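1. The following block contains a protein sequence and its predicted model.
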Amino acid sequence: MSLFASPTITSGPSKAATSNDMTARAIPAGSVPPIAAKTADRFDRAGANMPVAIRRRLPRLATSSFLVAGDIAGYLIAYFVVLSIPPSGLEGTLAERTFMIAALAAIILYASAGLYPGYRLHDHEHLRRRTVAAVKVAVLAAFGAIILPEGQRLLFAVIGFLAVGLIVQPFVHWLARGLCCKLGVWGERAAVIAGSNLTPALVAHFENHWQYGIRPEVSDTLAASPDGGPSIAVIAGDAGALAPDLAAMRRKFAEVILLSDTPSFKVSGLRPADVGGEIGIRLTSDRSSVNSDLVRRILDLAIAIPASIVVAPFIAFAAAAIYAIDPGPVFFRHTREGRSGKPVHVLKLRTMYQDAEQRLEALFRDDPNMRAEWLSHFKLRDDPRVLPVIGHMLRSSSIDELPQLANIIAGQMAIVGPRPFPEYHLLAMDDEFRDKRRSVTPGLTGLWQISERSSADIELQQQLDEFYIDNRSLWFDCQILLSTIPAVFKRRGAY
């Protein structure tokens, strides 16, 4: 999950409202804003006589132990699932030993990949590292199948075991992290050093997104406490003003994280500072390759073709309901801007009355507040154009978007990407951003669909889409796709 955009992002003050307040956010050298109350670590209270180094490692060790136990539980679930449908002639003892070795190898690879405890890693980076570890174990199993007499019978069972574990473990991992958070051992204490008007937003952001493993504390001193205080410094604002203090802070803190315009601001080109995906930034240009586009296209077809067959009955039922309420065309085609500025005729199930435009104009004449809401979001929470019952159900569940699988098969859209907006929506955005949007294929689902959906205003929609384009990767796409299903069922921000 990205620091700058996530499924539950808190937008904070808007960029427009705060872009002229850079002076107030600048931090004079040697000065730090006043602190909120410190939250003492549970291990600090329990082991006041322990050496500081040991006391700081205990929460991390406890968290790692819970996560390892969670992964073991995930593999136990996978074991029972796979053995319920064993290959012909597979011996139980042999299978148990093989699965145990495969699980142990995977957990060792997880540990070597920094997943215990995995603080300050994006969700798609967790997914990538786990998948790579599972693939490595599967390759070793394939090699064993070649050289061992009993290996061939176990190969598919081991691959199935690892695949089921890969599916189950994120859920178990989520439970383990939640338990660690409840016990007060999740995360590392971090001193937040920022301007007085930015500090509350930063603290609230890290508290709301505790999964990052940053437990924010506002400090009144740049020195790390000798009694096991924060070992991390998180700095936001004018880093140039702090330049004289950075060397000293690097000596006093185990880690110093520089944030740029976070969480409600955006600098074009933000990417994870570390190749491994840790929180932080670097500025770079997009270098999407032809190969990655080809892989995306293959994956799009592999998903869209079978999905279109599965959802066809739902589309037919919805079409019949639409016709029963408001007889007329049940499908709606609207021209949107696609890649390289080419028009895309987006196909949707009709969820509005056929005279929707006239209804909207009449509403704006009678209610200026509705016009203001429209100009902010280009959506209305109580939209009189929407068909009763069926219209709201289709929009909140996103079933009305399913016909766009045909656009994906035709190559006009992708499974994941910025949503194709109508022209009136794009006119509210700056030209530079529109050019950036044209550089990628529009998608059926995207980052702001799993984040805020209809609740996002124009500024936040642009920020989320721009962040996705700057950080676009196959793993990021996979994470967005996996997050789309729970986002649709929650229906948060959908109307």
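-> Looks like it came in fine. Numbers count the residues shown, from 1 in each chain.
2. what sits against Trp142?
-> Actually, residue 142 is Ala. It isn't Trp. Taking C-beta atoms under 8 Å, 6 or more residues apart in numbering as the contact definition, Ala142 lies against Leu155. No exception for glycine: its C-beta is placed from N, CA and C like everyone else's.
3. Give the rounded mean pLDDT of the helix or strand hosting it.
-> Assigned by DSSP states H and E, Ala142 belongs to helix 123-147. Average pLDDT, helix 123-147: 84.
4. Could you check how many residues crowd around the nearest residue to Val488 once chain neighbours are set aside?
-> Closest residue to Val488 apart from its sequence neighbours, by C-beta to C-beta, 6 or more residues apart in numbering: Ser398 at 5.3 Å. Close neighbours of Ser398, defined as other C-beta atoms under 10 Å, add up to 17.
5. hang on, isn't Ser398 packed against Lys490?
-> No: if you go by C-beta atoms under 8 Å, Ser398 and Lys490 don't touch, sitting 11.5 Å apart.
6. For the helix or strand harbouring Lys182, give the mean pLDDT please.
-> Here Lys182 sits within helix 151-183, counting by DSSP H and E. Averaging pLDDT along helix 151-183 yields 86.
7. report the angle between the axes of that helix and helix 123-147?
-> Interaxial angle, helix 151-183 versus helix 123-147 (axes from the mean of the first three to the mean of the last three C-alpha atoms, to 10 degrees): 150 degrees.
8. what stretches of the stretch 351-495 of the chain score poorly on pLDDT?
-> Along the stretch 351-495 of the chain, the parts satisfying pLDDT under 70 run over 376-378, 452-457, 491-495.
9. Quickly note the distance from Gln358 to Met352.
-> Taking C-beta to C-beta, to the nearest Å as the measure, Gln358 falls 11 Å from Met352.
10. These two: who's more crowded?
-> Met352 (20 against 11).
11. Give me the contact list for the helix or strand that contains Phe489.
-> Take DSSP H and E as the rule and Phe489 turns out to sit in helix 474-490. Outside helix 474-490, the residues within contact range by C-beta under 8 Å, 6+ apart are 1, 7, 122-125, 127-128, 292, 295-296, 299, 397-398, 415-416, 445-447, 449-450, 453, 468, 494.
12. can we see that at 6 Å?
-> Contacts of helix 474-490 with the rest of the structure, by C-beta atoms under 6 Å, 6 or more residues apart in numbering, involve 7, 123-124, 127-128, 398, 416, 445, 450.
13. okay, these in CSV with distance to His425 next?
-> Putting these into CSV (distance: C-beta to C-beta, whole Å) gives the following:
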residue, distance to His425
Pro7, 22
Asp123, 28
His124, 27
Leu127, 31
Arg128, 33
Ser398, 18
Val416, 19
Thr445, 17
Ile450, 19
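14. now for the residues you listed, which pair is the farthest apart?
-> Greatest spatial distance in those: Arg128 and Ser398, 26.5 Å, computed using C-beta to C-beta.
15. all helices for the stretch 301-450 of the chain, in order.
-> 356-366, 368-377, 390-397, 405-409, 423-426, 431-437, 447-451 (DSSP state H, counting those that start in this stretch).
16. So which elements touch the next helix or strand after the last one?
-> Downstream of helix 447-451, the next assigned helix or strand under DSSP H and E is helix 458-470. Packing contacts for helix 458-470, counted by 3 or more C-beta pairs under 6 Å, 6 or more residues apart in numbering; DSSP states H and E, involve helix 447-451.
17. Just the CA atoms of the helix it packs on, as PDB, please.
-> Only the C-alpha atoms of helix 447-451 are listed here, as PDB (Å, rounded to 0.1, in the frame of the first residue of the first chain):
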ATOM      1  CA  LEU A 447      -6.500   3.300  -7.700                       C
ATOM      2  CA  TRP A 448      -9.200   5.900  -6.800                       C
ATOM      3  CA  GLN A 449     -11.900   3.300  -7.400                       C
ATOM      4  CA  ILE A 450     -10.600   1.200  -4.600                       C
ATOM      5  CA  SER A 451      -9.800   4.300  -2.500                       C
END
